[in-house]
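Kindly generate the corresponding structure for this input.
(2 chains)
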Amino acid sequence: MQYEAVIGLEIHAQLLTESKMFCGCPIKFGAEPNTQTCPVCIGMPGVLPVMNKKAIEYVIKTGLAVNCKIAPYSRFARKNYFYPDLPKGYQISQYELPLCEGGGIGITVNGSTRKIGLTRIHLEEDAGKNIHEGAGNHSFVDLNRAGTPLMEIVSEPDIRSPQEAAEFVKKLRAIVRYIGVCDGNMEQGSLRCDANVSVRPIGQKEFGTKTEIKNMNSFRFVEKALEYEIKRQIKVLNEGGRIIQETRLWDSGKGITESMRSKEEAHDYRYFPDPDLVPVEVDDAWIEQITAQLVELPDARRQRFITQYSLPEQDADLLTSERSTAEWFEQAVKSGGDPKAVSNWMMGEFMRLLNEEGKQIDESALKPKQLVDMLALIDKGTISGKIAKTVFEEMYKTGKEAEAVVKEKGLVQISDTAGIEAVIGEILDKNPNEVERFRAGDEKLMGFFVGQIMKAMKGKANPAIVNEILKKKLGS
Amino acid sequence: MEPYQLTIEEARAAIGRSEISPLELTEAVFKRIEAVDERIHSYLTLNKENALVRARQAENAPEQPLAGVPIAIKDNICTEGVRTTCSSRILENFVPPYESTVTTKLKAQGYVLTGKTNLDEFAMGSSTENSAFGLTKNPWDMTRVPGGSSGGSAAAVAADMCIAALGSDTGGSIRQPASFCGVVGLKPTYGRVSRYGLVAFASSLDQIGPITKTVKDSAILLNVISGHDPCDSTSANMPVPDFTSGLGRDIKGMKFGVPKEYFIEGMDKEVGESVKQAMNELESLGGIPVEISLPHTEYAVAAYYILATSEASSNLARYDGVKYGLRAGGKDLLDMYMNTRQSGFGAEVKRRIILGTYALSSGYYDAYYKKAQQVRTLIKQDFEKAFEQVDIIVTPTSPTPAFRAGEKTDDPLRMYLADIFTISVNLAGVPGISVPCGFTSQNLPVGLQIIGKHFDEETILKTAYAYEQATDWHKRKPGL
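Purely as a prediction, here's the structure:
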């Protein structure tokens, strides 16, 4: 039997606010345990939460970016459960009345674009962390993270393949990074993704029994974990078994999902409206104010890059996946760079060097103007495209200007016809057999001669002139 | 007259005239505590050493409105550095690292904290018998309860072991003990006073208020503790009037509503008579009685015990042995949780946590919690409609005078039903005050409850003051 997968995603995005959701504590990672806390986020007796308005704005901003309906009236609710990292014994979240509902994100896989619907976006507080290492037969609790604002984005079960799921997360990550509400770091957990996945025979309308997959902390793992889980479910069904509704954990080391707990023993969270907080009322004026802060989003920018700069789709995709990359590109073009040439260098050498260091483009010292100046040297014939790679790497590493690098390293291209002719004469004299074979029709030897000449001239000869003279000499 | 018998108003005047110093006053109050609290047991923690330091400091700033005035605080209001137990084993040794908003405000006015007073554990009860640290006795009759849950505060005021006190009121916990102890207790409008630092029982109902010897003192304290607090989202951002300024104005033409549902079967005859006489007194002062109806009253107790316990079941989840307070050992996490809560909470608290957990459970939520919220809305509307016809509503505070200790402990439902007159006021969020309005033949105080419109404490204070000035119930003292 042929099966298809049905996938819905739940994404938790840590918001880039300066302070926590319900108190004034700073959000700082890597601080000594329990130093970024106060009576409120520790859950002392008698304390009360006060909403962080910025966090609400960030959620509305996200909602607007993905075409959600912004609720004029929403409410916080308590989700009750016991856990040591949850200081109040309940998490303040949203239940019946979330901040945003509806909307969707367009994703493209294998050339076809589909809209994945969103169910809701809501705001909640994060829990702390239990630490088991170095605690002997005890556990420690670190509440630095407790109360950090988290935005939960829930998709409709519209996703049909692991590739689509990964693409959805990528797209969403790009959006939250573009609008500056989340840094999108999946390894550090500021963007976390859980998936609900089931399979059903193709053509069947009803959903199969789903499992929830947790702990997929990269795009690649989202794809791999779902691939594994879908195969596992199909195998169970084909062998006549049935799927158990449960939570499963992705183990990236083993490359499998493993059962964590079954829904039968799941909590009854006893949600009810939090009486300590007043409802959130969002009026049109507030929405307008937030709309005015919205930047151009990845899709719109990608479309503009294709039309305005005549870039191929692939270039536009890559250049717009990060806001900082897109901005670097546009600055380079504004400084006079040819769009396609700039794009080639960014997607080629620049990305290679950044990847080697694991850096983002905005962490590099290289300025767009420096690339443009180097491109001008190529156009003028001062350096060859090949030498330019050396120049670029040097610029990247030292931050020096192209011209300075060329001068210092003596990389100026030799275009002196007499000099080049003399070297060519020498090479041809040294290799009479090859000359003969060439003249007899073995034209592939052209490359051999060019290589020898370039080697003799340390690569600095102007290749156009070398070719011209060589052809003339061999032809005679 | 002894200095400890002074009201806030009198103490300020005496200090202003240099007839007594803050230190002398404070010392006199502590002497009184030492003389009588062994029998009454109002206080769980005394703050004598700090109090004397504060009293000396007050001598340098005698112009502060509460300079050197010894005030007792109910032990569910957090005081930085001073143990705050909520009368629970689970917080027996808990010393808050922060100060509540109300005591911060009192501090800024120069008050002297005498100590922390007994209550029903986590304010759950009507007799202070649910304290993990012993009963408080009613100063008028040592065999009887002082009421609750602010029984320690009310008894301390009645027995002159402080000049005034703060209590908290979720379903009558200020007004009922004030009535049982023959003092004045005011529950402000929900949102009038910040709850920051008040250990939560039922967040949508809890409100801090003064327990005092006179109506004037009630207004003086309300002036200090009222107002918007950025730390409490449910505190109202609206101007606070001077609550003392209207005192002394007449109440001619004021319409006072008498709910026909409130003179219930089972009401003590003498209480009923005292309250009727008080209504006659109001009429002779120019008030006009109007019969009104609060038709949903009979559902109030049921709705209250669902909503209050639901919120409590969540509010008390934080006492898990992990961060502070009692931790009982266990073989694993679940075991530790269960042992801690098993040994840390008393029977009534457990009963309410279980009730509330049940009411919020999936499958029961709509039938209980949601239904109770709907009833709450109807009760609110009852009051809104009534207040279209009248300026205030007058009722007994409690259907009976103080009952004997142990009399109702085996019958929680009977105990709950006795809160019938006070509970609706919390559900509606309106303000209510209890003032002494007579004594039974056994010399037990009776309280009159005056209920006002939202944020109209001025009118109930004005009425209570006019009544108090026309009578002398408040001048009687228990023989100790």
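
what helix or strand is residue 458 on?
By default, I'm working from chain A. Using DSSP states H and E, A:Lys458 maps to neither a helix nor a strand.

nope, chain B please
Per DSSP H and E, B:Glu458 falls inside helix B:457-470.

Check B:Arg56 too.
Using DSSP H and E, B:Arg56 falls in helix B:48-60.

List of residues touching that helix?
Helix B:48-60 has contacts (C-beta atoms under 8 Å, 6 or more residues apart in numbering or on different chains) with B:21-23, B:25-27, B:30, B:64, B:67-68, B:70, B:82, B:110-115. Backbone N, C-alpha and C define where each C-beta goes, glycine included.

sorry, back to before: buried residues of the helix holding B:Glu458, list them for me.
Of the residues in helix B:457-470, B:Glu457, B:Glu458, B:Thr459, B:Ile460, B:Leu461, B:Lys462, B:Thr463, B:Ala464, B:Tyr465, B:Ala466, B:Tyr467, B:Glu468 count as buried by neighbour count, 16 or more other C-beta atoms under 10 Å in any protein chain shown.

could you give the mean pLDDT of that helix?
Average pLDDT, helix B:457-470: 98.

and it, what other elements does it pack with?
strand B:184-187, helix B:215-225, helix B:269-284, strand B:392-396, strand B:432-439, strand B:445-451 (3 or more C-beta pairs under 8 Å, 6 or more residues apart in numbering or on different chains; DSSP states H and E).

how distant is the second one from the center of its chain?
Per C-alpha atoms, centre = their mean, to the nearest Å, the displacement of helix B:215-225 from the mean C-alpha position of its chain is 14 Å.

what packs against it?
Other elements packing on helix B:215-225 under the criterion 3+ C-beta pairs under 8 Å, 6+ apart are helix B:8-16, helix B:101-108, strand B:164-169, strand B:184-187, strand B:207-212, strand B:432-439, helix B:457-470.

and what of the first one?
The contact analysis (3+ C-beta pairs under 8 Å, 6+ apart) places strand B:184-187 against strand B:164-169, helix B:175-181, strand B:207-212, helix B:215-225, helix B:420-428, strand B:432-439, helix B:457-470.

Phi and psi next, for the closest residue to chain A within the stretch 201-350 of chain B.
Relative to chain A, the nearest point of the stretch 201-350 of chain B is B:Ala317 (2.4 Å; C-beta to the nearest C-beta). Note on B:Ala317: its backbone torsions stand at phi -70, psi -20 [degrees, to the nearest 10].

Please verify my assumption that it contacts A:Tyr90.
Yes - applying C-beta atoms under 8 Å as the test, B:Ala317 and A:Tyr90 come out as touching, 5.9 Å apart.

Pull up the overlap in contacts between these two.
Joint contacts of B:Ala317 and A:Tyr90 (C-beta under 8 Å, 6+ apart) are A:Asn80.

Between the two, tell me which one has more neighbours.
A:Tyr90 (25 against 22; other C-beta atoms under 10 Å in any protein chain shown).

tell me which residues form a beta bridge with the more buried one?
Beta-bridge partners of A:Tyr90, counted by DSSP bridges, are A:Asn80.

Which residues lie in contact with it in this structure?
By C-beta under 8 Å, 6+ apart, the contact set of A:Tyr90 is A:Arg78, A:Lys79, A:Asn80, A:Tyr81, B:Ser314, B:Ala317.

Report pLDDT for it.
Looking at A:Tyr90, its pLDDT stands at 98.

Next, name the residue at the spatial heart of chain B.
Chain B has B:Ile174 as the residue nearest its centroid, 1.9 Å off, counting by C-alpha atoms, centre = their mean.

Just confirm that one contacts B:Asp206, I think it does.
No - applying C-beta under 8 Å as the test, B:Ile174 and B:Asp206 come out as separate, 10.8 Å apart.

what touches both of those two?
B:Ser168.

other SSEs contacting the helix or strand hosting A:Ile424?
With secondary structure defined by DSSP H and E, A:Ile424 is part of helix A:417-430. Judged by 3+ C-beta pairs under 8 Å, 6+ apart, the packing partners of helix A:417-430 are helix A:445-456, helix A:463-475.

Pull the residues that contact the next helix or strand after it.
Next along the chain after helix A:417-430, taking DSSP H and E as the criterion, comes helix A:432-439. Residues outside helix A:432-439 that contact it (C-beta under 8 Å, 6+ apart): A:Leu428, A:Leu445, A:Met446, A:Phe448, A:Phe449, A:Leu474.

if you set the cut-off to 6 Å instead, what comes out?
A:Leu428, A:Leu445, A:Leu474 (C-beta atoms under 6 Å, 6 or more residues apart in numbering or on different chains).

ok, now stretch A:193-209?
Residues outside stretch A:193-209 that contact it (C-beta under 6 Å, 6+ apart) are A:1-11, A:169, A:210, A:212-214, A:216, A:222, A:229-230, A:233-234, A:243, A:245.

Give the buried residues for it.
For stretch A:193-209, the neighbour count (16+ other C-beta under 10 Å) marks A:Cys193, A:Asp194, A:Ala195, A:Asn196, A:Val197, A:Ser198, A:Val199, A:Arg200, A:Gly208, A:Thr209 as buried.

Can you measure across it, start residue to end residue?
End-to-end span of stretch A:193-209 (C-alpha to C-alpha, to the nearest Å): 20 Å.

Could you tell me which residues of the stretch 301-450 of chain B lie near chain A?
B:Glu311, B:Ser314, B:Ala317, B:Arg318, B:Val322, B:Tyr337, B:Leu360, B:Ser361, B:Ser362 (C-beta under 6 Å from any C-beta of the partner chain).

Pull the most distant pair out of those.
Taking C-beta to C-beta, the two most distant members of those are B:Val322 and B:Ser362; they sit 25.7 Å apart.

Between the two, which is the more surrounded one?
B:Val322 (23 against 11).

And the contacts of the helix holding B:Glu458?
Contact with helix B:457-470 is made by B:188, B:215, B:219, B:241, B:243, B:246-247, B:249, B:251, B:281, B:285, B:391-392, B:431, B:433, B:435, B:450, B:452, B:474, as judged by C-beta under 6 Å, 6+ apart.
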